[in-house]
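1. Compute the structure for the input listed below.
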Amino acid sequence: MCEQTLSKQNRSQIRVYVANLGKYNEGEIIGGWLTLPTTHKEIKNFLKNQVGLNSPYEEYSIHDFESDFSLGEYEDLYDLNLLAVMLEQLSETEKNLSSAYCNANGLKDTQSILNTCMQVGDLFYVTIDANTWGSREEKLGYVVVDEIDSDLKTTLEQCKIGENLSAYEYFDFEKYGQDIAINQGYFATDEIFLFYNSDIDPKLYTNQEIKDRLNDARLNEI
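-> Numbering: from 1, shown residues only. As a prediction, the model looks like this:
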């Protein structure tokens with residue numbers, strides 16, 4: 001089945017390989033892949049039956065993952081399931097922005113990633129076409145002048161050099177983009193530039209508060 005035919009609710013957001021930590025430390029690998037989001041009950045059964053958690057072996061670790069976000073080795077699976085449910089609520093643009101911000105700022109814990117997703121609308125950014133000609137800084141300069149700094153663009157267009165050319169056509173967009181990159185923000189990816197005045201608090205909401213806001217039955221303990 002093509003991904004395009006999958007419903008938004010059924011599209012997996014995160015896959016993790018979970019290993020029995022005690023067995024691993026003893027030189028034995030017991031574990032498996034888990035696709036999220038799923039139900040609380042399925043995670044519990046997975047940890048018991050596939051990872052082999054019991055009273056002597058109560059700890060697990062994440063040894064591999066498939067996700068747009070960098071994930072920590074000892075993240076709680078139920079919190080990761082909460083994140084997977086959250087990601088279902090975001091558009092592709094919002095997910096790309098959230099992952100770019102977290103990866104650029106080294107945010108790997110679930111609470112910080114969840115809070116970034118919750119506050120993604122507060123990110124101040126511009127997107128850059130990585131496939132067009134020019135350096136990243138030059139393309140950044142063009143985007144900022146054309147999409148943000150309308151006063152500068154108007155001034156450049158109105159300032160005539162000779163009879164037919166404007167200052168816009170002679171403007172050093174690369175130098176302008178370099179100055180912005182040094183003083184106002186950073187390239188999170190080749191296609192996303194984030195400004196420093198993006199207002200994200202990675203600890204604003206607790207995981208429980210986010211869970212209550214989502215109100216999704218898959219997150220309920222059974």
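
2. Tell me who's in contact with residue 210.
-> 82, 86, 114-115, 118 (Cβ atoms under 8 Å, 6 or more residues apart in numbering). The way it works is simple: take the backbone N, C-alpha and C, and place the C-beta from them, glycine included.

3. From the residues you listed, which land in helices?
-> 82, 86, 114-115, 118 (DSSP state H).

4. Turn these into a markdown table, including pLDDT and distance to residue 187.
-> Output for these, formatted as a markdown table (pLDDT from 0 to 100; distance: Cβ to Cβ, whole Å):
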| residue | pLDDT | distance to residue 187 |
| --- | --- | --- |
| 82 | 97 | 30 |
| 86 | 97 | 26 |
| 114 | 98 | 24 |
| 115 | 98 | 22 |
| 118 | 97 | 24 |
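
5. Sort out which one of those lies nearest residue 70 for me.
-> Nearest to residue 70, judged by Cβ to Cβ, of those is residue 114 at 14.2 Å.

6. Within the helices and strands, which one has the spatially closest residue to that closest one that is not a sequence neighbour?
-> Closest residue to residue 114 apart from its sequence neighbours, by Cβ to Cβ, 6 or more residues apart in numbering: residue 210 at 5.2 Å. Assigned by DSSP states H and E, residue 210 falls within helix 207-214.

7. And for residue 144?
-> helix 136-147.

8. For that helix, buried residues please.
-> The neighbour-count check on helix 136-147 (16 or more other Cβ atoms under 10 Å) flags 136-145 as buried.

9. Show me the helices in this structure, by range?
-> Using DSSP H, helices in the chain cover 21-25, 40-49, 77-88, 92-104, 110-118, 136-147, 150-158, 173-183, 207-214.

10. who does the fourth one touch, helix- and strand-wise?
-> Here helix 92-104 is seen to pack against helix 110-118, strand 192-195 when contacts are counted using 3 or more Cβ pairs under 8 Å, 6 or more residues apart in numbering; DSSP states H and E.

11. For the residue nearest the centre of the chain, give me its contacts.
-> For the chain, the residue nearest the mean C-alpha position is residue 99 (1.3 Å; Cα atoms, centre = their mean). Each residue near residue 99 by Cβ under 8 Å, 6+ apart is listed here: 68-69.

12. cool, and residue 76?
-> Residue 76 sits next to residue 110 when contact means Cβ under 8 Å, 6+ apart.

13. How much space separates it from residue 220?
-> 16 Å (Cβ to Cβ, to the nearest Å).

14. got it, and residue 17?
-> 26 Å.

15. quick one: which of these two has more around it?
-> residue 17 (14 against 11; other Cβ atoms under 10 Å).

16. Touching, that one and residue 65? I think so.
-> Yes - counting by Cβ atoms under 8 Å, residue 65 is a contact partner of residue 17 at 7.0 Å.
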